[in-house]
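Visitor: Give me a model of this one.
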Amino acid sequence: MTSNNLADIGLLLFLILLAVGLWVLTLQAWPAPVVDREAVARARALLREVLAEAEWQQLQQTGWLELESPTRPGARYRIPARPGPVELVEPTGERRLLCLVPLAPLPVPELVLLHKLWIEADEAEYLRRANRLPAPVGRDLEALGHDTWRWWWGE
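Guide: Next up is the predicted model:
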């Protein structure tokens with residue numbers, strides 16, 4: 001073997017070790033979400049108590065809660081029953097994705113309640129604080145795998 005080949009092998013090994021090290025650091029920085037089943041159960045019970053029967057059934061069947069805008073006729077929100085953006089559907093059919101993330105982790109049923117109550121109480125402030133994300137082209141929440149919410153609810 002020539003010295004160039006050894007240098008190339010050494011560089012390759014260094015890059016592989018660097019990549020593995022960065023991957024391990026990434027895993028430690030962003031651990032997988034932990035579902036606290038007791039907190040989820042309490043949040044689910046609270047959400048069940050607050051929602052009307054039709055809202056609860058819709059959430060269970062579709063994986064989102066659809067909420068009419070309290071101030072903008074014809075506009076509606078789709079609040080997912082899993083972590084992810086809220087979809088705002090305008091009367092024109094235009095869709096916008098809104099992202100609001102609390103500073104502290106919350107059980108997902110509590111997130112659903114947070115979005116619902118905030119929109120109903122102060123829609124203007126909700127919209128002012130929300131980050132706008134590009135809407136998925138030709139897709140909606142139904143196409144984003146709404147059944148995954150059951151895992152976040154500890155089911």
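
Visitor: and Val108, how many residues sit next to it?
Guide: The tally of other residues near Val108 (other CB atoms under 10 Å) stands at 24. (Glycine included, C-beta is placed from N, CA and C.)

Visitor: If you could redo that for Val101, that was the one I meant.
Guide: The burial count for Val101: 10, using other CB under 10 Å.

Visitor: Just want the phi and psi numbers for it.
Guide: phi -120, psi 130 (degrees, to the nearest 10).

Visitor: And it, what's its pLDDT?
Guide: On pLDDT, Val101 comes in at 84.

Visitor: now do Ala19
Guide: 69.

Visitor: and Asp122, what are its phi and psi?
Guide: Asp122 adopts backbone torsions of phi -150, psi 70, taken as degrees, to the nearest 10.

Visitor: How about the contacts made by it?
Guide: With contacts defined as CB atoms under 8 Å, 6 or more residues apart in numbering, Asp122 has no neighbours.

Visitor: got a list of what Leu47 touches?
Guide: Applying CB under 8 Å, 6+ apart, the residues contacting Leu47 are 56, 109-110, 112-113.

Visitor: Just the buried subset of those residues, please.
Guide: Among those, those scoring as buried are 109-110, 112-113 (criterion: 16 or more other CB atoms under 10 Å).
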